[in-house]
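> fold the following.
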Amino acid sequence: MILVADEVREANAVVALETTLIAHGFPTGEGVAVGFESERRIREAGAVPATIGVLDGQIRVGLSGAELERFDLAARKIGPRDLAACVEQRAIGATTVGGTLAVCRAVGIRVMGTGGLGGVHRGFPNPPDVSADLGELARTPALVVSAGIKSLLDVPATLEVLETLGVPVLGFRTDDLPLFYSAHGGPPVPARVESAAEGAEIAATHWDLGGGGLLLARPPDTSLEDVEPLLEEALAAAARRNVKGQAVTPFVLAFLHERSEGRTLTANRELVVANAGLAAEVATALSASSR
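I've put the predicted structure just below:
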């Protein structure tokens, strides 16, 4: 049911990548390019990429170039609850952060790179929408590198839920939580780290204490400070069109890419690749420490 590529199985330092970014996070063709560039950046830092998705009735951990390109076609958005159904129905399944983490837990991968973490949607409890990313992160002993929490969400509420779940949130050379497109402006982070090695040390100690996942928040290099008004427009448009649940994020991203004349698309692409590179540095540091 789970097929792990030989390269991934034999590697000491591995970084998991999701496939929802490829299938739903970018315009057609762009996601595949970001996937390839993320894998290249991971290899450049001395680790092995393990892009995860469902193909031909199997959960695949590590994809060839041709396999990765299949996710640019029609693919289901797959969270933890959806994995079994997708496998048995032999659908193409693009894993979310939560879906990817569920597979990481099954095969023992300790580091993941992504764009932004899901969380509590604005207006909770109406709609009563909380991403499965949070629960899966709490139960999976893995460190996730992201540009903070998706800014279309209720970021302070999500941070509170992460505290309740016992998930450490570390700011990478920052004292406040990045807001995905914006480098600053979020709530204060509980702890700051200055290097990938320091993040790896904290993760190893957290796991020694029986803890689950951690979030390492890296500010984007290109900071867009004027996105909030566009976000509000996008969310209002989603509400008018009755866009709900897993469809909200891809709808909002497409809206932002269009209305910002591509600025958010460029920023999104850059931060995803940069996060993959930092995740690889953490993975190699963990491997060197042998903890």
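
> how close does the closest residue to Trp207 other than its chain neighbours get to Pro27?
Leaving aside its sequence neighbours, Trp207 sits nearest to Pro141 (Cβ to Cβ, 6 or more residues apart in numbering; 5.0 Å). (C-beta placed from N, C-alpha, C; glycine too.) Separation of Pro141 from Pro27 (Cβ to Cβ, to the nearest Å): 35 Å.

> Phe71 versus the residue nearest to Trp207, what's the distance?
26 Å.

> among the two, which residue is more densely surrounded?
Taking neighbours as other Cβ atoms under 10 Å, Pro141 and Phe71 compare with Phe71 leading, 27 against 18.

> now that one, what's its secondary structure?
Three-state call for Phe71 (DSSP: H, G, I helix; E, B strand; the rest coil): helix.

> still on that earlier bit, name the element the residue nearest to Trp207 belongs to?
Under DSSP states H and E, no helix or strand contains Pro141.

> return the residues in contact with Cys86.
Going by Cβ atoms under 8 Å, 6 or more residues apart in numbering, Cys86 touches Val54, Arg76, Ile78, Gly93.

> surely the last one meets Gly53?
Okay, so that is Gly93. Yes: using Cβ atoms under 8 Å, Gly93 is in contact with Gly53, at 6.0 Å.

> give the residues shared as contacts by these two.
Listed as contacting both Gly93 and Gly53 by Cβ under 8 Å, 6+ apart are Thr19, Ala75, Ile78.

> and which of the residues you listed is nearest Ala234?
Distances from Ala234 to these, taken as Cβ to Cβ, are shortest for Ala75 (22.4 Å).

> for that closest one, what are its contacts?
Contact analysis of Ala75 by Cβ under 8 Å, 6+ apart lists Thr19, Ala23, His24, Gly53, Ala91, Ile92, Gly93, Ala94.

> out of these, which sit inside strands?
Secondary structure from DSSP state E places Gly53, Gly93, Ala94 of the contacts of Ala75 in strands.

> and the longest helix seen in the chain, what does it pack onto?
The helix that spans the most residues within the chain, counting by DSSP state H, is helix 263-289. With contacts defined as 3 or more Cβ pairs under 8 Å, 6 or more residues apart in numbering; DSSP states H and E, the packing partners of helix 263-289 are strand 14-17, helix 30-44, strand 111-113, strand 143-146, helix 196-208, helix 248-259.

> of the ones you listed, which is nearest Pro125?
Closest of those to Pro125 is helix 248-259, at 15.7 Å (criterion: Cβ to Cβ).

> list the buried ones in the longest helix of the chain?
For helix 263-289, the neighbour count (16 or more other Cβ atoms under 10 Å) marks 263-265, 267-287 as buried.

> just stretch 52-66 next, same as before
In stretch 52-66, counting by 16+ other Cβ under 10 Å, buried: Ile52, Gly53, Val54, Leu55, Ile59, Arg60, Val61, Gly62, Leu63.
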